[in-house]
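Engineer: generate coordinates for the sequence data below:
(chains A, B, C and D)
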There are 2 protein chains.
Amino acid sequence: MTTGRRERKKAQTRKALAEAAVRLFAEHGYDGVTVARVADEADVSIATLFAHVPDGKDALIFDDGDERHVWLAAAVRERPAGQSVLAALRNCLAERGPFAGDLPPEQRRKRDLIVGTPALREYSRRLWIAAEGPLAEALAAETGRDPADMTVRALARYVLEIPELAGAEPDPRAALDAVFDLLESGWSERA
Amino acid sequence: MTTGRRERKKAQTRKALAEAAVRLFAEHGYDGVTVARVADEADVSIATLFAHVPDGKDALIFDDGDERHVWLAAAVRERPAGQSVLAALRNCLAERGPFAGDLPPEQRRKRDLIVGTPALREYSRRLWIAAEGPLAEALAAETGRDPADMTVRALARYVLEIPELAGAEPDPRAALDAVFDLLESGWSERA
DNA sequence: CTATGAATTCAGAATCATTCTAGTTTTTGC
DNA sequence: GCAAAAACTAGAATGATTCTGAATTCATAG
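Structural biologist: Reported below is the predicted structural model:
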């Protein structure tokens, strides 16, 4: 039921829009490209562009980004026995987003585009933060707390803030580790 | 030199804009008010409105917000002897923003407006985050570290994220304390 | 006091993102 | 094949923001 011609075409158009946007943004800069130009390039009308990307211009290049919360919660729930939830999240993040090691040049260009464009960085952050609720629930479930516990919510938020916080550092992986260490041990530990 | 008629008029107009905006936003909702309406209410042209508030509609009601970084850094630097930097920041935040105890009804309305309006909340967060650099510097100076140390930057960021994170909780003050406790002791302490 | 240059103001046009309208074309389920 | 649902489109409308070019006001050196 998710594989009719309809669904296929929809996904295809969405991808065409994302690819056109990445190409154009990379070449002329985010502000140097109008949504009309992207629509043209993908050969759809402006109205159709917004039908496919209701969150607007920022969201154009984020073809995916709707399932972060799925694999984040999974990483917490299905971690190896004996591993802490934070260790699981650290490993999970280390492979994703701005922390991934060597990417194909295509994806590297896209990552650089995001990191170097405030509007896109901001939207990327929103995508991460959108997983706060689900992640907090998973954390609460795994550690036997109330999902509304402020401590759990704060931890979820702080973890999800890491890509934006550490993603632009010269050595993102080292930065990632430093922040996780802080979250694990707290500040007073090292004062 | 900062007290000519010019400066006075400028501040006066800025305040008129902020007050008009708060009143109209509170009455009709953020999206129910156009900048043109606010300009009218303050009896200036649209162009003048943007000259006074270059950051746009979001920024209209934040007449102040440019000196957070000053009193934050001061709170850290001039804390009582023996007090930790985090304790100083906790006390400092406890009196400000969404955590302030009993406010005059005027300011309460404004605070509720911000908390209840996504666009304003988001802009408020940006104002807090803008203090990250200065706060990180102050923290580094006080604890003998490199201001570019990721740990210091992360701590600054996490502290500044607290108003947005805990400000809408039923008991903001308790939430504030919970988050500071997490930052102080770390997660593993309570796993 | 007054001329002059900097800053402020304004009306109105122009851009651009986003939404709305209303009508046309596909796709799907039967 | 047919009717309803879903997608598409051109074009108009809205609203924020910027730009232009011409007044106005202010500060102040002379």
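
Engineer: quick one, phi/psi of A:Gln83?
Structural biologist: Main-chain torsions, A:Gln83, degrees, to the nearest 10: phi -80, psi 140.

Engineer: count of residues packed around A:Leu135?
Structural biologist: Residues contacting A:Leu135 under the criterion other Cβ atoms under 10 Å in any protein chain shown number 27. Placement of C-beta: from N, CA and C, glycine included.

Engineer: tell me, how many residues neighbour A:Val115?
Structural biologist: Here the count is done by other Cβ under 10 Å, and A:Val115 has 18 residues near it.

Engineer: now name the helix or strand holding it.
Structural biologist: Counting by DSSP states H and E, the element that carries A:Val115 is helix A:105-116.

Engineer: what's the most centrally placed residue in chain A in contact with, if anything?
Structural biologist: The centre of chain A sits closest to A:Trp128, judged by Cα atoms, centre = their mean, with a distance of 4.8 Å. Contact analysis of A:Trp128 by Cβ atoms under 8 Å, 6 or more residues apart in numbering or on different chains lists A:Arg68, A:Gly97, A:Leu160, A:Glu161, A:Pro163, A:Glu164.

Engineer: which residues touch the third one?
Structural biologist: Okay, so that is A:Leu160. Taking Cβ under 8 Å, 6+ apart as the definition of contact, the neighbours of A:Leu160 are A:Trp128, A:Ile129, A:Ala131, A:Glu132, A:Leu135.

Engineer: find the nearest non-adjacent residue to it, please.
Structural biologist: Counting by Cβ to Cβ, 6 or more residues apart in numbering or on different chains, A:Trp128 is the residue found nearest to A:Leu160 once chain neighbours are left out, at 4.4 Å.

Engineer: before we move on, the earlier item: quick one: least confident of the contacts of A:Trp128?
Structural biologist: Of all the contacts of A:Trp128, A:Gly97 carries the smallest pLDDT score, 79.

Engineer: now that residue. Nearest residue, chain neighbours left out?
Structural biologist: With Cβ to Cβ, 6+ apart as the measure, A:Pro163 is the residue that lies nearest to A:Gly97, at 4.5 Å, once sequence neighbours are left out.

Engineer: from DNA strand D, how far out is that neighbour?
Structural biologist: Using Cβ to the nearest atom of the strand, to the nearest Å, A:Pro163 is found at 26 Å from DNA strand D.

Engineer: A:Phe99 is in contact with that residue, correct?
Structural biologist: Yes - in this structure A:Pro163 lies within contact range of A:Phe99 using Cβ atoms under 8 Å: 7.4 Å.

Engineer: common neighbours of the two, please.
Structural biologist: Counting by Cβ under 8 Å, 6+ apart, the common neighbours of A:Pro163 and A:Phe99 are A:Leu93.

Engineer: more neighbours, those two?
Structural biologist: Neighbour comparison, A:Pro163 and A:Phe99: the larger count goes to A:Pro163, with 24 against 19 (by other Cβ under 10 Å).

Engineer: quick check: angle from the strand or helix carrying the more buried one to helix B:150-166?
Structural biologist: If you go by DSSP H and E, A:Pro163 is part of helix A:150-166. Our comparison of helix A:150-166 with helix B:150-166, counting by axes from the mean of the first three to the mean of the last three Cα atoms, to 10 degrees, yields an angle of 130 degrees.

Engineer: packing partners of whichever helix or strand comes after helix A:150-166?
Structural biologist: Counting by DSSP H and E, the next helix or strand C-terminal to helix A:150-166 is helix A:172-185. Helices and strands touching helix A:172-185, by 3 or more Cβ pairs under 8 Å, 6 or more residues apart in numbering or on different chains; DSSP states H and E, are helix A:85-94, helix A:150-166, helix B:150-166.

Engineer: quick check on the nearest residue to A:Val44 once chain neighbours are set aside: phi, psi?
Structural biologist: Among residues not flanking A:Val44 along the chain, A:Thr13 sits closest, at 6.3 Å (Cβ to Cβ, 6+ apart). Its backbone dihedrals place A:Thr13 at phi -60, psi -40, with angles given as degrees, to the nearest 10.
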